[in-house]
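Trainee: coords below, sequence missing:
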């Protein structure tokens, strides 16, 4: 990708790149549906009040206004573009609860907007792919396992390097901090969240300077965050730190169940990582992050967690668990590292050449025949020299060129594989390309 | 659809409605690809300068701004959400011309935004599906025929009533007006555009009051607009009006070719309608509009035309021809008139019941097996009574429930069609649902 976006933070793709992106989007959609998730879309805008309920993100939000707003009709609610798909989903659930079946499993693949400074892996307009399940009042804990497995399945099918789903549990961390006497657990989590960026020593200093931790407390918090195991052995490592708290026990039990099941069903894909905090404070239990091995600096490509009361209409609460894939981030990396390529730059498998201008309608008949059998094709718009028409197909990577020759009122059909030059007689009502040439394929390029 | 959008003009669908919308979107995409069109997406925002170049639409545009914009860094370009896909496509072509193969055939299915007063068939956020082909400097006329046929093919596959593609040619109309001495052809077109709304007498009065036409000129212009034929007989009707002009002859010849070919290849679907004007002034030849027969008051569901120089970088021009389907308008009508329904409200074909809590992992094994063979399914999250679990499946329209029974360490598998009650032994590695139950199907409901 030598090209740069003409508007910083608003990436656009060439057609052959869009085919790769579509492959990713189709794969995610198909996987989510195989796991039983229903598609929804929410509007792109929310009221600003709704968007800002969840905290300190106002400077990231894009407000919208009509250029010639008629202010005379009284103050209207201010609108802004959504910055994620969780807040709109929560509103959607509360608004439509009477029409939904719970537990409600939905996926949602849409653009979101954030006015952040653009950098690699961070755009101002980007696509997220979310799966969530929400219950009416309660939601079985098993979905914490199931949602992780859905995303492992989805990511496994993408042309990306090995990935690790890192899992922690807020109850475990918060219970531990309370157990060592640090009561501002949100503050501790915020500091711990920086451990990958600034290192353990700097985080320890932060805990002491900003949260009043003593040396022992800071040391214990850092030790907890450094526990990473690909099985349930994290349990004894936590116990070895000798801290006791009811919430800690609950968190250990939950994380143990999640790691036991996911490591069994998706070996090598998951890691208990007790440094994972997730910035947003609506998570209340399991939290997830995902990194591409060898591309950790790209940041998390798939994150989420359990929330006990994201959505509420005052009387009822709707607990849920969900994860979100940063599609634009993943696709940008696939393209910039050339992890995958489309087999051709256009959907057409066949280019129908024109012998002379009068054959255009017969050529359209061939096209109708092929299309009715699912074979994508184009008809040449003019009867240029065959060499020129073949070059047209070649430039686009179209594998087959179809020729029509009229002799004594009968049309002779031939089709040529322009990669090898082989040309054969063909019947437009029955000829088929080899299965691998029928559709554009997107294949991983060897690393 | 008893539900109303919670924000006027920003419609949202329930999951079973979204399945219908996805069927429409998938059908369009598949058809466009069968015709050789490549997918692209453009960013949702353009600079306001770019958007306003094409005339008087500023009050429809939604500008965007960061809530806490840092104005100190100098004046930045103002951004707004795009109101159609043609203007962004024109910019995209000019920016990427060096990377594209011409003629460039692309489709684009995206949201657009217009701050208009919402009413039936007109939303503030809606989806358009566009196909265009653009040439580098020139574009063969045959694409004017081909693009109409692509849209006829696409619309024919949707669960909608009969439709008519109404076609005219700007050269024909403008040449005619010049031939009768009316030089403000854009003004005449704008008046003629109102003929369906206000009637021919009122339009004749407009022509006289506002454009200085005399009785004969007004009468001739009205007579031209009243010509509608489903074959090329419009030619003699125009000639009978006795007007002569070079541009008129060019327009007659072009429209004759388009109607001759399209009426042959898509009989009953097209109409030469010499009242079609299209408001936007960048069209220069063929213009198209499409109405659902019996739903004319809904307005056009698919419109477009030929433009000689929509995109230009100063040195080069990129002529094109394209049409745009108002997907949201079509889907809203399908849903409100119940033209089509989804066969179930969730993707799952199979619901895997839990006999007891310990069977969850074995149930997940069954699910893995089914999914690996493309069968969408869900595992029950808890071992409620079978009656309750079956009711869960029933409410969602899931046709099959899978039961696992462990006896002496061996698992016995059975699957029940809960519509008829038939229950049979089943092997998770080979059982398949009937083909018609595999995926959610969307079928037209008899009118």
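Mentor: Looks like it came in fine. Since we're looking at a predicted model, the values are computed, not measured.
Trainee: all contacts plus neighbour counts: C-alpha atoms, from now on.
Mentor: Fine.
Trainee: just the buried residues of stretch A:342-356, please?
Mentor: Taking 16 or more other C-alpha atoms under 10 Å in any protein chain shown as the basis for neighbour counts, the residues of stretch A:342-356 that come out buried are A:342-355.
Trainee: chain B next: which of those residues are close?
Mentor: Of the entries in the buried residues of stretch A:342-356, the ones placed beside chain B under the rule of C-alpha under 8 Å from any C-alpha of the partner chain are A:345, A:346, A:347, A:348.
Trainee: tell me if stretch A:106-116 is near chain B.
Mentor: Yes: Stretch A:106-116 comes into contact with chain B (C-alpha under 8 Å from any C-alpha), by way of residue A:115.
Trainee: thinking again about what came up before, make a markdown table out of the ones next to chain B among the buried residues of stretch A:342-356 and add pLDDT and distance to residue B:124.
Mentor: Formatted as a markdown table, the entries for those read as follows, by pLDDT from 0 to 100; distance: C-alpha to C-alpha, whole Å:
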| residue | pLDDT | distance to residue B:124 |
| --- | --- | --- |
| A:345 | 92 | 34 |
| A:346 | 96 | 33 |
| A:347 | 97 | 32 |
| A:348 | 98 | 35 |
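Trainee: residue nearest the centroid of chain A?
Mentor: Among the residues of chain A, residue A:325 comes closest to the average C-alpha position under C-alpha atoms, centre = their mean, at 2.8 Å.
Trainee: ok, now which ones touch the closest residue to it other than its chain neighbours?
Mentor: The shortest distance from residue A:325 to any non-neighbouring residue, by C-alpha to C-alpha, 6 or more residues apart in numbering or on different chains, is to residue A:302 (4.2 Å). Remark: with contacts taken as C-alpha atoms under 8 Å, 6 or more residues apart in numbering or on different chains, residue A:302 is in contact with A:288, A:289, A:290, A:291, A:323, A:324, A:325, A:326.
Trainee: same thing but at 6 Å, please
Mentor: Residue A:302 makes contacts with A:289, A:290, A:324, A:325, as judged by C-alpha atoms under 6 Å, 6 or more residues apart in numbering or on different chains.
Trainee: what's the answer for residue A:15, then?
Mentor: B:39, B:40.
Trainee: over to the one 3 residues further on?
Mentor: Each residue near residue A:18 by C-alpha under 6 Å, 6+ apart is listed here: residue B:40.
Trainee: can you tell me which residues in chain A are near chain B?
Mentor: Residues of chain A that fall close to chain B, judged by C-alpha under 6 Å from any C-alpha of the partner chain: A:12, A:15, A:18, A:33-36, A:38-40, A:42, A:59, A:61-68, A:346-348, A:371, A:376-378.
Trainee: ok, of these, which come out buried?
Mentor: Members of the residues of chain A next to chain B that pass the buried threshold by neighbour count (16+ other C-alpha under 10 Å) are listed as A:12, A:15, A:18, A:33-36, A:38-40, A:42, A:61-67, A:346-348, A:371, A:376-378.
Trainee: pretty sure residue A:62 contacts residue A:80?
Mentor: Yes: using C-alpha atoms under 6 Å, residue A:62 is in contact with residue A:80, at 5.5 Å.
Trainee: closest to residue B:100 among the ones next to chain B among the buried residues of stretch A:342-356?
Mentor: residue A:345 (9.8 Å; C-alpha to C-alpha).
Trainee: skip the chain neighbours and tell me the closest residue to the closest one.
Mentor: If you skip the residues right next to it in sequence, residue A:345 has residue A:16 as its closest partner in space, 4.6 Å away by C-alpha to C-alpha, 6+ apart.
Trainee: how many neighbouring residues does the one you found have?
Mentor: Burial of residue A:16, expressed as a neighbour count using other C-alpha atoms under 10 Å in any protein chain shown, amounts to 23.
Trainee: which pLDDT value does the model give it?
Mentor: Reported pLDDT at residue A:16 in the predicted model: 94.
Trainee: quick check: end-to-end length of stretch A:388-405?
Mentor: 17 Å (C-alpha to C-alpha, to the nearest Å).
Trainee: ditto for stretch A:133-140
Mentor: Using C-alpha to C-alpha, the end-to-end distance of stretch A:133-140 comes out at 10 Å.
Trainee: before we move on, the earlier item: the residue nearest to residue A:345 in helix, strand or coil?
Mentor: Here residue A:16 is helix, with the state taken from DSSP: H, G, I helix; E, B strand; the rest coil.
Trainee: repeat that for the one 3 residues further on.
Mentor: Secondary structure of residue A:19, reduced to three states by three-state DSSP: helix.
Trainee: returning to that earlier point: ok, which pair from the ones next to chain B among the buried residues of stretch A:342-356 is furthest apart?
Mentor: Greatest spatial distance among these (C-alpha to C-alpha): A:345 and A:348, at 8.9 Å.
Trainee: return the distance of residue A:206 relative to residue A:275.
Mentor: If you measure residue A:206 against residue A:275 using C-alpha to C-alpha, the figure is 15 Å.
Trainee: quick one: buried residues of the host helix or strand of residue A:333?
Mentor: Assigned by DSSP states H and E, residue A:333 falls within helix A:327-336. Buried residues in helix A:327-336, counted by 16+ other C-alpha under 10 Å: A:327, A:328, A:329, A:330, A:331, A:332, A:333, A:334, A:335.
Trainee: gap between the last one and residue A:16?
Mentor: What that stands for is residue A:335. Taken as C-alpha to C-alpha, the spacing of residue A:335 relative to residue A:16 amounts to 10 Å.
Trainee: and the helix or strand of chain A with the lowest mean pLDDT, what's buried?
Mentor: Every helix and strand in chain A was compared by mean pLDDT, DSSP states H and E; the lowest is helix A:48-52, with a mean of 84. For helix A:48-52, burial by neighbour count (16+ other C-alpha under 10 Å) applies to A:48, A:51.
Trainee: and it, how far from the chain's centre?
Mentor: Shown here is helix A:48-52, whose average C-alpha point lies 24 Å from the average C-alpha point of the whole chain (C-alpha atoms, centre = their mean, to the nearest Å).
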